[in-house]
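Q: With the input below, show me the fold.
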Amino acid sequence: MENQVTNNANALRLFFTEEVFLVKDESVEILPLRNPEAVSVVEKVSVNEVKEPVLKPEITQIPGINPTNSPKVYPQAPEIPHIVAEPVSEKTFKFLGGNKKSVLILVNDSEHDVSTEQGRELLRKIVKAVDLGTPDFAILNYSNYKGTDFVELNRFFKPAIMLSFGVAFADLRLNLTWQNEIIVHETTRIIFAPNLHHLDSDLTAKKILWGHLQKIK
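A: Presented below is the predicted three-dimensional model:
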């Protein structure tokens, strides 16, 4: 036998043809909903007490001092005094002339102030050839200041031109080589020539010197 239970709406209308009335039941009161109150729920939290480990202080025993062992006494190092460099005094020179044009003339004669009479006469011709007067140059007899180097001469005279008669490179501690040409060292033009007395009788050396003098006029 087929199942007689159905939920089909069309089928139900075939069976329920009578009118259906709703009757209000006033014995049941339905109260309106109110605003719900917040309910706080307190949860019990169990707190476990954590016991910190108790650190026992370590007691370090200091060994007693034996009165028979006296402490060692180390000698104090002597104080080394500071070395103060003494200021280097500038060397002074006795020279002839005025050095107004910063022209230094070195001669080397231990027997005369400048040179022999022949050498002095030659020097007069040389300075006249380059249009120099006595106030313009300084004549220094190197034989009175042996061991003086170029640095000391340059510090004192500050020469723009230096004519060296009988004073070699080694005497002035200059690491240079003379090749019969004017040498420019720092800010100084240098000409080397033999001693004035010997130069007077050396025609070749005088010609070379004359050519150099024309370049510095």
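
Q: where in the chain is pLDDT low?
A: Applying pLDDT under 70 to the chain flags residues 1-88.

Q: ok, residue 90 touching residue 155?
A: Yes - shown here, residue 90 and residue 155 form a contact pair, counting by CB atoms under 8 Å, at 6.5 Å. Glycine gets a C-beta too; all of them are placed from N, C-alpha and C.

Q: Now do the SS call for residue 140.
A: Secondary structure, DSSP: H, G, I helix; E, B strand; the rest coil: residue 140 is strand.

Q: How many residues are close by the nearest residue to it once chain neighbours are set aside?
A: Beyond its immediate neighbours in the sequence, the residue positioned closest to residue 140 (CB to CB, 6 or more residues apart in numbering) is residue 95, lying 4.6 Å away. Other residues lying near residue 95 total 19 when counted by other CB atoms under 10 Å.

Q: just the helices in this structure please.
A: With DSSP state H, the ranges of helices along the chain come out as 9-15, 117-129, 150-157, 169-172, 196-199, 203-216.

Q: For the ones you listed, give me a markdown table that also has mean neighbour count.
A: Output for these, formatted as a markdown table (neighbours: other CB atoms under 10 Å):
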| stretch | mean neighbour count |
| --- | --- |
| helix 9-15 | 8 |
| helix 117-129 | 15 |
| helix 150-157 | 17 |
| helix 169-172 | 16 |
| helix 196-199 | 20 |
| helix 203-216 | 13 |
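
Q: In contact with residue 122, which residues?
A: 115, 196, 199-200 (CB atoms under 8 Å, 6 or more residues apart in numbering).

Q: nope, residue 195 is what I meant
A: Counting by CB under 8 Å, 6+ apart, residue 195 has contacts 107-109, 115, 119, 165-166.

Q: one more time with 6 Å
A: 165-166 (CB atoms under 6 Å, 6 or more residues apart in numbering).

Q: Same check on residue 200?
A: 118, 122.

Q: and with 10 Å instead?
A: By CB atoms under 10 Å, 6 or more residues apart in numbering, residue 200 lies in contact with 115-123, 125, 194, 206.

Q: Kindly report the same for residue 176.
A: 150, 169-170, 183, 185, 190, 192 are the contacts of residue 176 under CB under 10 Å, 6+ apart.

Q: make it 8 Å
A: 169, 183, 185.

Q: between the residues you listed, which is closest to residue 160?
A: Using CB to CB, residue 185 is the member of those that sits closest to residue 160, with 11.6 Å.

Q: just to revisit the earlier point, correct me if wrong: the residue nearest to residue 140 contacts residue 144.
A: No - under the criterion of CB under 8 Å, residue 95 makes no contact with residue 144, lying 9.9 Å away.

Q: how much space between residue 172 and residue 163?
A: Residue 172 is 13 Å from residue 163, where distance means CB to CB, to the nearest Å.

Q: Pull the number of nearby residues for residue 111.
A: As a burial measure, residue 111 scores 8 neighbours (other CB under 10 Å).

Q: Over to residue 162?
A: For residue 162, the count of nearby residues is 25 (other CB under 10 Å).

Q: Can you name the residues bridging to it?
A: Beta-bridge pairing of residue 162 under DSSP bridges involves residue 104, residue 190.

Q: contacting residues for the closest residue to residue 175 other than its chain neighbours?
A: Leaving aside its chain neighbours, residue 175 sits nearest to residue 169 (7.6 Å; criterion: CB to CB, 6+ apart). The contact partners of residue 169, by CB under 8 Å, 6+ apart, come to 175-178, 192.
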